[in-house]
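Undergrad: The following block contains a protein sequence and its predicted model.
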Amino acid sequence: MTSHLYSPRAVAAYLPGVEPAELRAWRKHGWFPNADARVGVYPGWSTPRLDRFVEESMAAARRCFAERGARLQKTSGTPEWWLADTVRYLGLADIAAAAGLTGPALWSHYYKGGLSDPDVTIGHANRVAGWSPERARALADAQGWHFNLARLEDTSGLGGAL
């Protein structure tokens with residue numbers, strides 16, 4: 001089952017009264033939780049974590065950020081749940097690179113229904129799809145592709161999947 005996550009722009013729309021610029025500043029200065037997942041450079045947040053932020057931290061973050069100014073980074077009092085590790089998923093470009101395929105060929109294959117449903121999608125209108133390294137490997141094996149994650153330029157966050 002695909003998990004649908006919010007992109008930064010979608011988070012700003014989801015949070016009451018928050019503008020994208022304000023969210024960017026919060027993220028830059030450590031006043032917002034780490035993303036739940038990322039696909040390539042695209043971070044995504046889940047609804048439960050956003051709801052928890054609204055319930056527990058948004059008013060305090062907004063007040064403290066306004067009092068201290070954007071130039072001061074948050075140094076203490078960060079809730080532990082904010083610091084959860086961001087899970088890395090492989091996007092279509094990553095899978096194409098690891099399988100030695102061209103990006104457009106894999107995009108075409110995906111949009112024609114030739115790939116399994118992704119593990120996560122991030123965003124609203126133009127969703128970014130992502131697969132776990134294990135599912136991407138299984139997908140490549142099923143298609144007969146020679147899959148090697150070491151071909152990726154960025155292997156951070158893939159851990160033991162290499």
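TA: Here it is on my side, so go on. Quick caveat, the model's predicted, so the values are computed rather than measured.

Undergrad: where does the protein dip in pLDDT?
TA: Applying pLDDT under 70 to the chain flags the ranges 61, 64-77, 125, 159-162.

Undergrad: now the helices for it?
TA: Under the criterion DSSP state H, the chain contains helices at 8-14, 20-28, 47-56, 58-68, 92-99, 103-111, 133-143.

Undergrad: deepest of those, which one?
TA: Of all the helices of the chain, helix 92-99 carries the top mean neighbour count, a mean of 22, counting by mean count of other C-beta atoms under 10 Å. C-beta: built from backbone N, CA, C; applies to glycine.

Undergrad: re earlier: now for the helices of the chain, which one comes closest to H124?
TA: Counting by C-beta to C-beta, H124 lies closest to helix 8-14 out of those; the figure is 5.0 Å.

Undergrad: So which elements touch the closest one?
TA: Helices and strands touching helix 8-14, by 3 or more C-beta pairs under 8 Å, 6 or more residues apart in numbering; DSSP states H and E, are helix 20-28, helix 47-56.

Undergrad: Rebuild these as JSON lines, extending it with distance to A150.
TA: Output for the helices and strands packed on helix 8-14, formatted as JSON lines (distance: least, C-beta to C-beta, whole Å):
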{"stretch": "helix 20-28", "distance to A150": "31"}
{"stretch": "helix 47-56", "distance to A150": "32"}
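
Undergrad: per-domain residue ranges of the chain.
TA: The chain breaks down by automatic domain parsing into domains covering 3-83, 88-151.

Undergrad: Turn the ones you listed into a markdown table, including distance to L158.
TA: Output for the domains of the chain, formatted as a markdown table (distance: least, C-beta to C-beta, whole Å):
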| stretch | distance to L158 |
| --- | --- |
| domain 3-83 | 12 |
| domain 88-151 | 6 |
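
Undergrad: related to what we said a few turns ago, now the helices of the chain as JSON lines including distance to T2?
TA: Output for the helices of the chain, formatted as JSON lines (distance: least, C-beta to C-beta, whole Å):
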{"stretch": "helix 8-14", "distance to T2": "16"}
{"stretch": "helix 20-28", "distance to T2": "24"}
{"stretch": "helix 47-56", "distance to T2": "14"}
{"stretch": "helix 58-68", "distance to T2": "27"}
{"stretch": "helix 92-99", "distance to T2": "14"}
{"stretch": "helix 103-111", "distance to T2": "13"}
{"stretch": "helix 133-143", "distance to T2": "11"}
